[in-house]
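Chemist: no sequence on this one, just coordinates:
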């Protein structure tokens, strides 16, 4: 046995990896969350009210052809802990795990098989510099691995450093992200005739994702699909 392998075994024996949420010992070294906690997160159903409202909104926008999501974002729930740790504590492994879960679901449904590339919702350069990374890129990489397509993290640029959407209503959110995104001129030839999957961590009203999709469609994209790790559930 190699010495480094022995050190890993010794570390796991002395300090067994624990579930991020419930502190139970993990049997799978490739995750930070136990299966029980993953299964405790409410999954999104195709006929849920939240899905129907968003699907209608996206259809009326004329720029999003289809969308899917995996889980519901519940305040003080397991998924909130995961998303916050991904966004604010740099536990980026959760991004890839969420992306892989979402990617497996997309692959199983077989409805996004014509996707040419995955695009993460971009951060403004100041926000990215402050955080050090874009959480949606890690989710996108997890999806792309399952779908065997590339990730284009620089295809869309956020040119306006918009205010937080948290306390804004639907109309305010749409105004906030209006004309907030652009495609660098050097990337315009990449867009024409292509089918893209836009990826965000959590979708609330869909204002941000619609703004990006509109830019892509105006640049000649053939279809725009949308996927998110989570949805904010409508009551």
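Modeler: Received, thanks. Remember, predicted model here, so these are calculated numbers, not experimental data.
Chemist: three-state assignment of residue 198?
Modeler: The three-state assignment at residue 198 reads strand, by DSSP: H, G, I helix; E, B strand; the rest coil.
Chemist: where do the helices sit along the protein?
Modeler: Residue ranges of the helices in the chain, as given by DSSP state H, are 3-14, 35-40, 49-61, 78-88, 93-109, 125-131, 135-147, 170-176, 188-191, 207-218.
Chemist: tell me the domain ranges of this protein?
Modeler: 1-40, 43-232 (automatic domain parsing).
Chemist: mean neighbour count and mean pLDDT added to these, as JSON lines?
Modeler: Yep, even glycine has a C-beta here, placed from its N, CA and C like the rest. Shown next, in JSON lines, are the domains of the chain (neighbours: other Cβ atoms under 10 Å; pLDDT from 0 to 100):
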{"stretch": "domain 1-40", "mean neighbour count": "12", "mean pLDDT": "70"}
{"stretch": "domain 43-232", "mean neighbour count": "18", "mean pLDDT": "92"}
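Chemist: dump the helices of the chain to TSV, plus distance to residue 23.
Modeler: TSV is the format used below for the helices of the chain (distance: least, Cβ to Cβ, whole Å):
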stretch	distance to residue 23
helix 3-14	16
helix 35-40	10
helix 49-61	31
helix 78-88	12
helix 93-109	16
helix 125-131	27
helix 135-147	24
helix 170-176	37
helix 188-191	46
helix 207-218	35
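Chemist: which one, of those helices, ends up nearest to residue 28?
Modeler: Proximity to residue 28, assessed across the helices of the chain by Cβ to Cβ, is greatest for helix 35-40 (7.8 Å).
Chemist: contacts for the closest one, please.
Modeler: 19-22, 24, 28, 78, 101 (Cβ atoms under 8 Å, 6 or more residues apart in numbering).
Chemist: now, which of those sits nearest residue 184?
Modeler: Distance ranking of the contacts of helix 35-40 against residue 184, using Cβ to Cβ, places residue 101 first at 31.2 Å.
Chemist: the contacts of helix 35-40: which two are farthest apart?
Modeler: Pairwise distances across these (Cβ to Cβ) peak at 19.3 Å, for the pair 24 and 101.
Chemist: check contacts around the closest residue to residue 67 other than its chain neighbours.
Modeler: The shortest distance from residue 67 to any residue other than its chain neighbours is 3.8 Å, reached at residue 226 (Cβ to Cβ, 6 or more residues apart in numbering). Listed by Cβ under 8 Å, 6+ apart, the contact set of residue 226 reads 58, 64, 66-68, 197-200, 203, 206, 209, 213.
Chemist: will you turn those residues into a markdown table that also has distance to residue 131?
Modeler: A markdown table is the format used below for the contacts of residue 226 (distance: Cβ to Cβ, whole Å):
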| residue | distance to residue 131 |
| --- | --- |
| 58 | 28 |
| 64 | 26 |
| 66 | 30 |
| 67 | 25 |
| 68 | 26 |
| 197 | 23 |
| 198 | 20 |
| 199 | 17 |
| 200 | 15 |
| 203 | 20 |
| 206 | 23 |
| 209 | 20 |
| 213 | 24 |
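Chemist: of the helices of the chain, which approaches residue 232 most closely?
Modeler: That would be, of these and by Cβ to Cβ, helix 49-61, which comes in at 7.7 Å.
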